[in-house]
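Undergrad: prediction below, plus the sequence it came from.
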Amino acid sequence: MSARELRFAIFGAGFWTRYQLSAWRELEGVTCVAIYNRTRPKAEALAREFGIPAVYDTPEDLLREAKPDFVDNITEIAGHKPLSLLCAQRRVPCICQKPMAPSLAAARAMVKAFAKTRTRFFVHENWRWQTPMRQLKRLIDSGVIGTPFRGRLTMISGYDCWANQPALRELKQFILTDLGVHILDVARLCFGEANSVYCQIRKTLAPKVKGENVATLLLSMGPAKTTVVIELGYAKTPLEPTVREAFPQTLAFVEGPLGSLEVSADYLIKVTTRNGTLIERHPPPRYPWADSQYAVAHASIVDCHRDLLRALRGEGGGETTGADNLKTMELTYAAYSSAAEDRVISFR
């Protein structure tokens, strides 16, 4: 017997909504039945394009009348807490866009609210589902290089990310909450929880971009106390094409006592041991709706959704629960404190 089809609703009609809707349509047993956006014409346009039967002027009306099995909250960050808490109050499972909240206190309140009502809560954290990142995780877990003692994760690009998302220019906290949460989540996935973090940030595009757009982090992670360096930057700095300029790919180099792993541009992964170097390419799946400039990011949404759908069905999965992502948020805001106070923040 096939599983019952789950009906979901969308909050938000911004840049990412189109791609997340397209990703949901790649999966069986789930369909969008309603959408709410504070600017109704945007919601109506998406409803026509994707065949969504109902558009609502308020999220309260949507939840009361459409009665979705879950909500995908894809609003801008200001809508994350209030709309997610509304779902918690109505006991409707919710997937919230990253970053979970504009403050650590807000994130904790959200997780607490869903726990109190015993309602499922997830964060849409797709970066860990990128094909090269999953392969990097598998290789680390295989022990082929031994227990890593040092790792480097780099996401530096001259790409104009503000062209598609102009609201990002106005964020007083930018690179760590926008890109940093992704890379910190990957670091947790690969190396374990943080023992300490030290961070420095820069504002090289002020005043046009209000928040920091460059960050460098040094962490101790996991039981092995692996030293992890994270480099983040949207600085419009000219970079060598296809080598250093690889938006939106994350580059990585991990060292262990038995060898090294390297994720380089064009989805190449190199495994070097005493037996030599093995080079394999791990490109993302291709989808006709994905923007070629965002290929690896857009493709990862499908696998992220697949994992969350399994969890919503009670079939396991659900890596990025609200409670798990709260650890990423704690690390993110600890990095801001480290930068402001110019000191190492310890967790243990």
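TA: Ah, there it is. A quick note: this is a predicted structure, and the numbers were derived from the prediction, not measured.

Undergrad: return the list of helices and strands in contact with the one helix or strand Ala9 maps to.
TA: According to DSSP states H and E, Ala9 maps onto strand 6-11. Under the contact criterion of 3 or more Cβ pairs under 8 Å, 6 or more residues apart in numbering; DSSP states H and E, strand 6-11 touches helix 17-24, strand 30-36, helix 59-66, strand 70-73. All C-beta spots, glycine's among them, are computed from the backbone N, C-alpha and C.

Undergrad: possible to save those as JSON lines with distance to Phe114, mean neighbour count and mean pLDDT?
TA: Below are those laid out as JSON lines (distance: least, Cβ to Cβ, whole Å; neighbours: other Cβ atoms under 10 Å; pLDDT from 0 to 100):
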{"stretch": "helix 17-24", "distance to Phe114": "20", "mean neighbour count": "21", "mean pLDDT": "97"}
{"stretch": "strand 30-36", "distance to Phe114": "20", "mean neighbour count": "22", "mean pLDDT": "98"}
{"stretch": "helix 59-66", "distance to Phe114": "15", "mean neighbour count": "17", "mean pLDDT": "98"}
{"stretch": "strand 70-73", "distance to Phe114": "12", "mean neighbour count": "24", "mean pLDDT": "98"}
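
Undergrad: quick check: which of the ones you listed is nearest to His305?
TA: Of all those, it is helix 17-24 that lies closest to His305, at 5.2 Å by Cβ to Cβ.

Undergrad: and the contacts of the closest one?
TA: 8, 10, 30, 32, 46, 49-50, 72, 74, 124, 287, 289-291, 294, 298, 301-302, 304-305 (Cβ atoms under 8 Å, 6 or more residues apart in numbering).

Undergrad: stretch 103-118 too?
TA: So stretch 103-118 is contacted by 80-81, 84-85, 88-89, 91, 94, 96, 100-101, 120-121, 322-323, 325-326, 329-330, 333 (Cβ under 8 Å, 6+ apart).

Undergrad: in helices only, show me those.
TA: Assignment to helices by DSSP state H places the following of those there: 80-81, 84-85, 88-89, 322-323, 325-326, 329-330, 333.

Undergrad: filter those down to the buried ones.
TA: Neighbour counting with 16 or more other Cβ atoms under 10 Å marks 80-81, 84-85, 88, 322, 325-326, 329-330, 333 as buried within those.

Undergrad: okay, angle between the strand holding Ala9 and helix 80-89 too, please.
TA: With axes from the mean of the first three to the mean of the last three Cα atoms, to 10 degrees applied, the angle from strand 6-11 to helix 80-89 works out at 150 degrees.

Undergrad: which residues are contacting strand 6-11?
TA: Residues outside strand 6-11 that contact it (Cβ under 8 Å, 6+ apart): 17, 20-21, 24, 29-37, 46, 52, 59, 62-63, 66-75, 79, 83, 309, 312-313.

Undergrad: one more: stretch 202-219?
TA: Outside of stretch 202-219, the residues within contact range by Cβ under 8 Å, 6+ apart are 162, 168-176, 180, 184, 187, 194-201, 227-236, 335, 339.

Undergrad: hang on, isn't Ile145 packed against Leu261?
TA: Yes: taking contacts as Cβ atoms under 8 Å, Ile145 lies within contact range of Leu261: 6.0 Å.

Undergrad: give me the common contacts of the two.
TA: Counting by Cβ under 8 Å, 6+ apart, the residues touching both Ile145 and Leu261 are 139, 254, 271.

Undergrad: most neighbours of all the residues you listed, which one?
TA: Highest neighbour count within the shared contacts of Ile145 and Leu261: Val254, with 23 neighbours (other Cβ atoms under 10 Å).

Undergrad: tell me the contacts of that residue?
TA: Applying Cβ under 8 Å, 6+ apart, we find Val254 in contact with 136, 140, 145, 148, 150-152, 190, 260-262.

Undergrad: mind showing which ranges of this structure have poor pLDDT?
TA: 1-2 (pLDDT under 70).

Undergrad: in it, which residue is closest to the centre?
TA: By Cα atoms, centre = their mean, the chain has its centre lying nearest to Glu125, at 3.1 Å.

Undergrad: what's the closest residue to it other than its chain neighbours sitting at in phi/psi?
TA: In space, and not counting its chain neighbours, Glu125 is closest to Thr320: 4.2 Å by Cβ to Cβ, 6 or more residues apart in numbering. Dihedral pair for Thr320: phi -100, psi 60, per degrees, to the nearest 10.

Undergrad: how near is Thr320 to Thr147?
TA: As defined by Cβ to Cβ, to the nearest Å, Thr320 lies at a distance of 25 Å from Thr147.

Undergrad: for Ala115, same thing?
TA: Remark: distance between Ala115 and Thr147 (Cβ to Cβ) = 34 Å.

Undergrad: cool, Asp61 as well?
TA: Distance, Asp61 to Thr147, using Cβ to Cβ: 54 Å.

Undergrad: what's the answer for Ala23, then?
TA: Here the criterion is Cβ to Cβ. By it, Ala23 lies 35 Å from Thr147.

Undergrad: His124: neighbour count?
TA: Using other Cβ under 10 Å, His124 has 20 neighbouring residues.

Undergrad: and what of Ile201?
TA: Counted with other Cβ under 10 Å, Ile201 comes out at 22.

Undergrad: quick one: Arg128 is in a helix?
TA: Yes: remark: Arg128 belongs to a helix, assigned using DSSP: H, G, I helix; E, B strand; the rest coil.

Undergrad: show me what contacts the residue nearest to it when sequence neighbours are not counted?
TA: Spatial nearest neighbour of Arg128, excluding adjacent residues (Cβ to Cβ, 6+ apart): Leu189 at 5.0 Å. Neighbour list for Leu189: 128, 133, 137 [criterion: Cβ under 8 Å, 6+ apart].
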